[in-house]
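Asks: requesting a structural model of the entry that follows:
(2 chains)
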Amino acid sequence: MASLTGYATVSMILFSLGAIGVVSRRNVFIIYMSIELMLNGINLFLVTFARYHFNMDGQILSIMVIAIAAAEAAIFLSVIILLFKTKKSLDTNVFTELKQETE
Amino acid sequence: MTDLVFLALSFFAIAGGVTMLLHKNPIYCALGLLISILSVAGLFALLSATFMFMVQIIVYAGAIMTIILFILMFLNIREEDLPEEPRKGMLITLGVIFMIPINLLILEGVGRLPNSDMSIVEEGFGGIKELGMKLYTDWLLPFELISILLLVALIGAVVLVNKRVKRGVK
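Replies: Numbers count the residues shown, from 1 in each chain, chains lettered A, B, ... in the order given. Below is the predicted model:
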């Protein structure tokens, strides 16, 4: 059970759940959490292969991924606050600030 | 014993992810993600990555999830602010149909690798000492670049928040 294939299955399922969440939900918060879930799945994959090859480079890469996720959290959440303040909504379809107005 | 713990942790990880995917209220979604993250931390421990286990709990479950929950409560989101999702079920079904072949492909590739011992290593692997030695010798440049990235993100967040305060004053 707790073999390479088992861990790979769990991490691929987590990654797929995150990817499906990004495309199917319309709440910005849930899209952000889905991205976090995808990063978690990839982290699990990296750590699994670090153990498989008995080499710690994979673990260091996943520390880098966690650092990038922390930086992303700071920026993403402050942007969400600004968008919610101006639009009063969490719907992704409302956020069309950059869309060009066509006559 | 290891198999039992692995099964329980993977069940909770996947159940948390499914909760996050299906629930409408973002607070319950955040709690599902929290369960998923903690279970992944447990899987890290089973893979004898003790330092990663700690970092996952402290940074993900401690810092990032706390910020998400804090902002969810700070924004005071009511039921009518939540977006309507009439095509959610259809999109999820389509996503599942689309993701299954990719997963099968990767699992086919992983299954062909020679089997190796994945049991827990007692010492000398994944601890803070070994990881620190590796991080500060082989991976020194990426480590410094990541620290610059974190600094830039911090400054960016402060600038964005500052803009909001100015608008409020005017």
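Asks: so what secondary structure elements neighbour the worst-scoring helix or strand of chain A on mean pLDDT?
Replies: Least confident helix or strand, chain A: helix A:57-87 with a mean of 89, by mean pLDDT, DSSP states H and E. Where contact means 3 or more C-beta pairs under 8 Å, 6 or more residues apart in numbering or on different chains; DSSP states H and E, helix A:57-87 is packed against helix A:28-53, helix B:50-55, helix B:65-75, helix B:128-137, helix B:140-169. All C-beta atoms are positioned from the backbone trio N, CA, C, and that covers glycine.
Asks: can you tell if stretch B:87-95 touches chain A?
Replies: Yes - with C-beta under 8 Å from any C-beta of the partner chain as the measure, stretch B:87-95 is seen reaching chain A through B:K88, B:L91, B:I92, B:L94, B:G95.
Asks: tell me which of those has the lowest pLDDT.
Replies: On pLDDT alone, B:K88 ranks lowest of those, at 85.
Asks: backbone dihedrals for that one, both of them.
Replies: Dihedral pair for B:K88: phi -60, psi -50, per degrees, to the nearest 10.
Asks: dump the residue contacts of residue 65.
Replies: This is for chain A. By C-beta atoms under 8 Å, 6 or more residues apart in numbering or on different chains, A:V65 lies in contact with A:L39, A:I42, A:N43, A:L46.
Asks: oops, wrong one, chain B.
Replies: Contacts of B:M65 (C-beta under 8 Å, 6+ apart): B:A30, B:L33, B:L34, B:I37.
Asks: let's go with 6 Å and repeat that
Replies: By C-beta atoms under 6 Å, 6 or more residues apart in numbering or on different chains, B:M65 lies in contact with B:L34.
Asks: from B:I35, how far off is it?
Replies: 10 Å (C-beta to C-beta, to the nearest Å).
Asks: do B:I120 as well
Replies: For B:I120, the distance to B:I35 equals 23 Å [C-beta to C-beta].
Asks: mind checking which helix or strand of chain B has the lowest mean pLDDT?
Replies: Lowest by mean pLDDT, DSSP H and E among the helices and strands of chain B is helix B:140-169, with a mean of 82.
Asks: excluding chain neighbours, what is closest to A:A74?
Replies: Using C-beta to C-beta, 6 or more residues apart in numbering or on different chains and skipping residues adjacent in sequence, the residue nearest A:A74 is B:A157, 4.3 Å away.
Asks: ignore the last one, B:I27
Replies: Closest to B:I27 by C-beta to C-beta, 6+ apart is B:L72, at 5.8 Å.
Asks: for chain B, which spans come out with low pLDDT?
Replies: By pLDDT under 70, the weakly predicted segments of chain B are B:163-170.
Asks: can you spell out the domain ranges of it, please?
Replies: B:2-125, B:139-170 (automatic domain parsing).
Asks: most tightly surrounded among these?
Replies: Highest mean neighbour count of the domains of chain B: domain B:2-125, a mean of 17 (counted as mean count of other C-beta atoms under 10 Å in any protein chain shown).
Asks: first vs last residue of it, how far apart are they?
Replies: 18 Å (C-alpha to C-alpha, to the nearest Å).
Asks: tell me, what residue is most central in chain A?
Replies: In chain A, the centroid-proximal residue (C-alpha atoms, centre = their mean) is A:I35; its distance is 1.7 Å.
Asks: what sits against it?
Replies: No contacts exist for A:I35 under C-beta under 6 Å, 6+ apart.
Asks: so it versus B:P101, what's the distance?
Replies: Taken as C-beta to C-beta, the span from A:I35 to B:P101 is 22 Å.
Asks: number of residues surrounding B:Y136?
Replies: B:Y136 is flanked by 10 other residues according to other C-beta atoms under 10 Å in any protein chain shown.
Asks: doesn't A:L77 make contact with the residue nearest to A:A74?
Replies: No - using C-beta atoms under 6 Å, B:A157 is not in contact with A:L77; the gap is 8.0 Å.
Asks: now the one residue sitting closest to the centre of chain B: closest residue in space that isn't a chain neighbour?
Replies: Geometric centre of chain B, nearest residue: B:I37, 5.5 Å, by C-alpha atoms, centre = their mean. Of all residues not flanking B:I37 in the chain, B:Y60 sits nearest, at 4.8 Å (C-beta to C-beta, 6+ apart).
Asks: thank you kindly, that will do.
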